[in-house]
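Asks: no FASTA, just this:
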């Protein structure tokens, strides 16, 4: 019989930390799906390295969430024993890998945000989050550089690579707004200096994305209607499939380790 | 995989300050910027490096293995070129 899901007491700080942990785990898992399948060996390694960076960030954030919650949950239970509705990640990071352009555009849009986010979070009044931010920022800075270089080469490459990169931007654009969302549970943390206000990052993010897009001869969509829901556990159909693979071992063989 | 769009690059890593860059392998990449990133991702994953050089493999001029007798054999008989015929005074200590 499958292992039942845990319950989590989502105080504002637990929820806030879980949301960032889920972003990192889900995007890390997505990148890990490329392992052995990337277009060339060099990129296989690069994608796996980024996946490991993100899963490392997720571990630290989950451990901290469990500690703040103060019950008997831990990083493994939070990752493996929550069902899809309990996941709080951005819809952007659960988007399927698609082709290489889809994966790189997703990474670029997210890393452009994440690098600036972690940079600001280094001044969080919460020392643990500030320390996680300091480590994560260095990793995100590299992810951003790597993804940006690819966007420039795909966009300003062949007709086919240009068309694929443009299609990926058009497809993913509506999922970018959620990165800058703030709800009531986060407002108090922002006022306390524990969290930063992501809306302040939007102009910078937009300018940085526009710079790379221009160099890549790609066009940013005009539409500003944005998809929401991930932060509240309302996900696309893709996340359940991802979790079934990610959680299969622990659900079938509870507590298995090696 | 080798394609005309991803030529071969040689990678040199310097592991510590004061040491020389050492050749550690090769990789395929479309240009120098991407070659440097690929070198970082492939050859410095376990903290091996502080500095990376990448050089197009096509820029290397190599000796011909068929010339090895002419190139290297003559040096084999010149043992006097090794500094092993000097008495080192004890006061010098470890050299």
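Replies: Arrived safely, thanks for sending. Computed from a prediction, not measured in an experiment: that's the story for all the values here.
Asks: okay, buried residues for the longest helix seen in chain B please.
Replies: Ranked by residue count under DSSP state H, the longest helix found in chain B is helix B:32-43. Judged by neighbour count (16 or more other Cβ atoms under 10 Å in any protein chain shown), helix B:32-43 contains these buried residues: B:34-43. C-betas here are computed from N, CA, C, even on glycine.
Asks: of those, which ones also sit close to chain A?
Replies: Filtering these for neighbours of chain A using Cβ under 8 Å from any Cβ of the partner chain leaves B:34, B:37-38, B:40-42.
Asks: same list (those residues) but as JSON lines, adding pLDDT.
Replies: Shown next, in JSON lines, are these (pLDDT from 0 to 100):
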{"residue": "B:34", "pLDDT": "96"}
{"residue": "B:37", "pLDDT": "97"}
{"residue": "B:38", "pLDDT": "97"}
{"residue": "B:40", "pLDDT": "97"}
{"residue": "B:41", "pLDDT": "96"}
{"residue": "B:42", "pLDDT": "96"}
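Asks: between these, which is nearest residue B:68?
Replies: residue B:42 (30.7 Å; Cβ to Cβ).
Asks: may I ask which helix or strand of chain B has the lowest mean pLDDT?
Replies: helix B:68-76 (a mean of 92; mean pLDDT, DSSP states H and E).
Asks: which one of the buried residues of helix B:32-43 sits closest to residue A:234?
Replies: Nearest to residue A:234 among those, with distances taken as Cβ to Cβ, is residue B:41, at 35.5 Å.
Asks: for chain B, what spans make up the strands?
Replies: Per DSSP state E, chain B carries strands over the ranges B:8-14, B:22-28, B:51-56.
Asks: can the shortest one be found next to chain A?
Replies: When you say that, I think you mean strand B:51-56. No. Under the criterion of Cβ under 8 Å from any Cβ, chain A is not reached by strand B:51-56; the shortest gap measures 11.6 Å.
Asks: for that strand, packing partners?
Replies: Here strand B:51-56 touches strand B:8-14, helix B:32-43, going by 3 or more Cβ pairs under 8 Å, 6 or more residues apart in numbering or on different chains; DSSP states H and E.
Asks: hmm, back to that, could you say which of the strands of chain B is packed most deeply?
Replies: Of all those, strand B:8-14 carries the top mean neighbour count, a mean of 19, counting by mean count of other Cβ atoms under 10 Å in any protein chain shown.
Asks: any chance you could list what contacts stretch A:69-77?
Replies: A:6, A:8-9, A:11, A:14, A:59, A:62-63, A:65-66, A:250 (Cβ atoms under 8 Å, 6 or more residues apart in numbering or on different chains).
Asks: quick revisit: got the helices and strands packed on strand B:51-56 as a markdown table, with distance to residue A:107 columns?
Replies: Formatted as a markdown table, those follow (distance: least, Cβ to Cβ, whole Å):
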| stretch | distance to residue A:107 |
| --- | --- |
| strand B:8-14 | 23 |
| helix B:32-43 | 13 |
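Asks: ok, which of those comes nearest residue A:138?
Replies: Comparing the helices and strands packed on strand B:51-56 by Cβ to Cβ, helix B:32-43 comes nearest, at 12.6 Å.
Asks: so which elements touch that closest one?
Replies: helix A:41-69, helix A:127-155, strand B:8-14, strand B:22-28, strand B:51-56.
Asks: can we see that at 6 Å?
Replies: Helices and strands touching helix B:32-43, by 3 or more Cβ pairs under 6 Å, 6 or more residues apart in numbering or on different chains; DSSP states H and E, are helix A:41-69, strand B:8-14, strand B:22-28, strand B:51-56.
Asks: for residue A:183, find the nearest of those.
Replies: Of the helices and strands packed on helix B:32-43, nearest to residue A:183 by Cβ to Cβ is helix A:41-69, at 17.2 Å.
Asks: what residues of the closest one count as buried?
Replies: Buried residues in helix A:41-69 (16+ other Cβ under 10 Å): A:42-51, A:53-66, A:68-69.
Asks: mean confidence for it?
Replies: For helix A:41-69, mean pLDDT rounds to 97.
Asks: could you point out the helix or strand that follows that helix?
Replies: With elements assigned by DSSP states H and E, the helix or strand that comes after helix A:41-69 is helix A:75-80.
Asks: how far away from the center of its chain is that next one?
Replies: 17 Å (Cα atoms, centre = their mean, to the nearest Å).
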